[in-house]
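A.B. asks: Please work out how this folds:
(chains A and B, ligands or ions: 2)
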Amino acid sequence: MSDYPDDFLTHVYRRMKTIREFEERLNVEIQKGEIPGFTHLYAGQEAVAVGVCEQLDEDDYIVSTHRGHGHCIAKGCDVGGMMKEIYGRHDGLCKGKGGSMHIADRDVGMLGANAIVGGGPPIAVGAAIATGLQGQGRVTASFSGDGSCNQGTVFEALNLAVVLQAPTLFIFEDNGYSEHTGADYAVGSKDIAGRCEAFGMPVEKVDGNDFFAVYEAMGRAVARARDGGGPSAIECETTRFFGHFVGDPQKYRAKDEVARHRENLDCLKLFRARLADEDRLDAATLDAIDEEVLALIDRSVDEAKASPLPDVSEITTDVYAIY
Amino acid sequence: MSDNIKTFRDALNEALHEEMERDDTVIVLGEDVAGGAGGTGDTVEAAGGIFGVTAGLARKFGRQRVIDTPISESAIAGAANGAALAGLRPVAELMFADFIGVCMDQVYNQAAKFRYMFGGKMECPLVIRTAMGAGMNMGAQHSQTIYPLLTAVPGLKIAIPSNAADAKGLLKTAIRDNDPVVFFEHKALYNKKSEVPEGDYTVPFGEADMTREGDDVTVVAMGRMVPFSEKAIDSLAEQGISADLVDPRTVSPMDWDMIFESLEHTGRLVVVDESPPRCSLASDIAGVVAQEAFGSLRAPVKMITAPHAPVPFSPGLERAYVPGPDKIAAGILDCVKGG
Ligand SMILES: Cc1ncc(C[n+]2csc(CCOP(=O)(O)OP(=O)(O)O)c2C)c(N)n1
Ligand SMILES: [Mg+2]
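C.D. replies: Ligands and ions are numbered 1, 2, ... in the order given. Predicted coordinates for the structure are as follows:
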């Protein structure tokens, strides 16, 4: 870690903290009834999104999931624009037409969250084919969950990427559950990395709560992909701090599981502990970032609430024909 | 309230309980239908499908007959097909109708065609239950009423219940039927309560229900559009307008006779459909009526549908997207005043 400059460490901490507070605040606002729809929070998994995206450039792509807020923030989507989108406002990143599960921003290489489990990985291969043809050493990262790795579409994407040697990074976030179903039940081999390896690509399995572990594994995979070495996969073991969606009573989890994981597996706490261990950045610097992040989230919520709803004429814009 | 007033969800749940009790070849499979599996907590009855329709089945009938699957829609539908060919009566749950895209081959190329392709020597007594429809701000990939796509496929039967009693009776018929049935449950109806008859009863396929009777116009509507159309029709009574409201209940097979007979009396047709207009049930019904009952019509057919657009997320947009009682009333008025 001594190699990492201070401004990198503060940047990474700020990104992870922004995701955390974004989600913590949404959890509150949703329970107040302020936010419509169906929202899946990413809290707990921040080290994966940030560890992956910190190895990407703005013109690299990512493809995300229904639990996509963290991926969006990590790739550089505007937090205010995301908040407005989630509130269904006209100046949201997708004009309020997409919502939490459909945030996208091409300008920062975010090709879209996806409400169809397993919908993303084949799209990521296509994006990787495109950048490969354009010959610029760009890469595409595909995020998906432990649950999604049971979709045939994901197997097809893994194989196609290998066949074409498309520069795709398959990131599997094993947070232990797909909705109410444990990965220990639904993932037959209990070995996502092993599946990917069997398709013929290099894999690493890392502690997804350890930013540095994710970041370094991603660094190796990206270097290979940029160099014409084809796809790789990274399995990240992590945990989600909330239910599948806000309002999920989580009976399928042991009563103290979330509290234990918040205590022991919190990527932000682990990050701070590691910095303290190695005597990098003082607590006051990090506390100041916390304050700034909270202020940013407050501001983005206030602005989202104050922002107008889309006009009904928007229903039939952005679609090729009207009958 | 009488004990016979039940939610749409509970009526479906009762149908599943009763059919599983009656016939041990009935099995249920899908994501989280047993209540989840694995994990660190109590999964005996954590869920029962995310809408709770299969609640209690795993406890009662065991996990051999109530099967939690991984997220693998093609394998769910395909395994249901295979189990049906081999003598079971699977009821597969597809969490949201939008996900039919993932397993479309198993539904429209496999299940739908077995009996015909194999010269009548095979049957595929399969039910796919699935939650559809807008109204809960779930966005473009969780809100569609995708039934026209499947109604177009020969070999599939399509049920679209609009109330608790029909939901129960139609689901029983679906389970006992020897053809594959896709059973669309509108998610905005799950909590709606209405009278459900006591005991074992079925609602036959291909027999529509007339939930309002009147003189000026025939309204055909399905799913959530039925209660919306009832509201619209009731609101027009003040203006002296009355309507027949035909709820087909199954759209394949379809009870054309009830529609034609009603039209002989009213001479005007309004079709209400939550789907976009092109190749919809609205346009299908309008087309068949134009061919078969043109002589009864004294006004152009009026189609009231969603716009030709995906379902938007923002609540105001979604509300305006779905044909609601006001829009339906205006459409009926337009049709009646226009001709
Ligand atoms: C094709 C499809 N099937 C089912 C669902 C419903 N669903 C949404 S998220 C989810 C669980 C996904 O689990 P996982 O991939 O582990 O991601 P996580 O929710 O843990 O982030 C399910 C079953 C869906 N959206 N799409
Ligand atoms: Mg998961």
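
A.B. asks: Name the nearest residue to the residue nearest to the spatial centre of chain A, sequence neighbours excluded.
C.D. replies: If you average the C-alpha coordinates of chain A and look for the closest C-alpha using C-alpha atoms, centre = their mean, you land on A:His71, 2.8 Å from that point. In space, A:His71 comes closest to A:Ser64 once its chain neighbours are excluded; the distance is 4.1 Å by C-beta to C-beta, 6 or more residues apart in numbering or on different chains. Heads up, the C-betas are built off the backbone N, CA and C, glycines and all.

A.B. asks: Pull the contacting residues for the one you found.
C.D. replies: Residues in contact with A:Ser64, defined by C-beta atoms under 8 Å, 6 or more residues apart in numbering or on different chains, are A:His71, A:Cys72, A:Ile103, A:Met110, A:Leu111, A:Gly112, A:Ala113, A:Asn114, A:Gly120, A:Phe143.

A.B. asks: Now the first one: which helix or strand?
C.D. replies: Spelled out, that is A:His71. Per DSSP states H and E, A:His71 falls inside helix A:69-75.

A.B. asks: Alpha carbons of the helix or strand just after that helix, as CSV, please.
C.D. replies: Using DSSP H and E, the next helix or strand after helix A:69-75 towards the C-terminus is helix A:79-86. Below are the C-alpha coordinates for helix A:79-86, written out as CSV (Å, rounded to 0.1, in the frame of the first residue of the first chain):
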residue,chain,number,x,y,z
VAL,A,79,-24.7,11.6,-8.0
GLY,A,80,-27.3,14.4,-8.3
GLY,A,81,-28.5,13.1,-11.6
MET,A,82,-28.8,9.6,-10.2
MET,A,83,-30.8,10.8,-7.2
LYS,A,84,-33.1,12.7,-9.5
GLU,A,85,-33.5,9.6,-11.6
ILE,A,86,-34.4,7.5,-8.6
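
A.B. asks: is chain B contacted by the following helix or strand past helix A:79-86?
C.D. replies: Taking DSSP H and E as the definition, the helix or strand that follows helix A:79-86 towards the C-terminus is helix A:120-133. No. Helix A:120-133 stays clear of chain B (C-beta under 8 Å from any C-beta of the partner chain), getting no nearer than 11.6 Å.

A.B. asks: what comes up buried for helix A:120-133?
C.D. replies: Taking 16 or more other C-beta atoms under 10 Å in any protein chain shown as the basis for neighbour counts, the residues of helix A:120-133 that come out buried are A:Gly120, A:Pro121, A:Pro122, A:Ile123, A:Ala124, A:Val125, A:Gly126, A:Ala127, A:Ala128, A:Ile129, A:Thr131, A:Gly132.

A.B. asks: Pick out the residue of the stretch 51-200 of chain B closest to ligand 2.
C.D. replies: Distance from ligand 2 to each residue of the stretch 51-200 of chain B (C-beta to the ion) is smallest for B:Ile71, at 9.5 Å.

A.B. asks: where's A:Ala213, which helix or strand?
C.D. replies: Once you assign secondary structure using DSSP H and E, A:Ala213 falls within helix A:211-226.

A.B. asks: which secondary structure elements does that helix contact?
C.D. replies: helix A:6-31, helix A:46-53, strand A:168-174, strand A:203-207, strand A:232-237, helix A:267-277 (3 or more C-beta pairs under 8 Å, 6 or more residues apart in numbering or on different chains; DSSP states H and E).

A.B. asks: before we move on, back to that, and the helix holding A:His71, what does it pack against?
C.D. replies: Applying 3+ C-beta pairs under 8 Å, 6+ apart, one finds that helix A:69-75 makes contact with helix A:6-31, helix A:46-53, helix A:79-86.

A.B. asks: One more pass at 6 Å, please.
C.D. replies: Secondary-structure packing of helix A:69-75 (3 or more C-beta pairs under 6 Å, 6 or more residues apart in numbering or on different chains; DSSP states H and E): helix A:6-31, helix A:46-53.

A.B. asks: What is the three-state secondary structure of the residue of chain B found nearest ligand 1?
C.D. replies: Closest residue of chain B to ligand 1, C-beta to the nearest ligand atom: B:Phe99 (4.2 Å). Assigned state for B:Phe99: helix (three-state reduction, DSSP: H, G, I helix; E, B strand; the rest coil).

A.B. asks: I'd like to know how far it sits from B:Thr305.
C.D. replies: According to C-beta to C-beta, to the nearest Å, B:Phe99 and B:Thr305 sit 23 Å apart.

A.B. asks: now do B:Ala232
C.D. replies: The spacing between B:Ala232 and B:Thr305, counted by C-beta to C-beta, is 14 Å.

A.B. asks: Run a quick neighbour tally on B:Arg176.
C.D. replies: B:Arg176 has 16 neighbouring residues, counting by other C-beta atoms under 10 Å in any protein chain shown.

A.B. asks: excluding its backbone neighbours, what's nearest it?
C.D. replies: Distance criterion C-beta to C-beta, 6+ apart; nearest residue to B:Arg176, sequence neighbours excluded, is B:Thr202 at 7.1 Å.

A.B. asks: ok, the one you found - contacts?
C.D. replies: Neighbour list for B:Thr202: B:Gly169, B:Lys172, B:Thr173 [criterion: C-beta atoms under 6 Å, 6 or more residues apart in numbering or on different chains].

A.B. asks: Out of those residues, flag the one nearest to B:Arg89.
C.D. replies: Nearest to B:Arg89, judged by C-beta to C-beta, of the contacts of B:Thr202 is B:Lys172 at 11.3 Å.

A.B. asks: tell me the contacts of residue 268?
C.D. replies: No chain was given, so I picked chain A. With C-beta under 6 Å, 6+ apart as the criterion, the residues that contact A:Leu268 are A:Met16.

A.B. asks: The intended chain is chain B.
C.D. replies: Applying C-beta under 6 Å, 6+ apart, one finds that B:Arg268 lies in contact with B:Val217, B:Ala299, B:Cys335.

A.B. asks: State the distance from the residue lying closest to A:Ser300 once chain neighbours are set aside to A:Leu93.
C.D. replies: Closest residue in space to A:Ser300, ignoring its immediate chain neighbours: A:Met83 at 4.1 Å, by C-beta to C-beta, 6+ apart. Relative to A:Leu93, A:Met83 is positioned 9 Å away (criterion: C-beta to C-beta).

A.B. asks: and A:Thr239, how many neighbours does it have?
C.D. replies: The burial count assigned to A:Thr239 is 24, neighbours taken as other C-beta under 10 Å.

A.B. asks: again, but for the one 4 residues further on
C.D. replies: A total of 20 residues lie near A:Gly243 under the criterion other C-beta under 10 Å.
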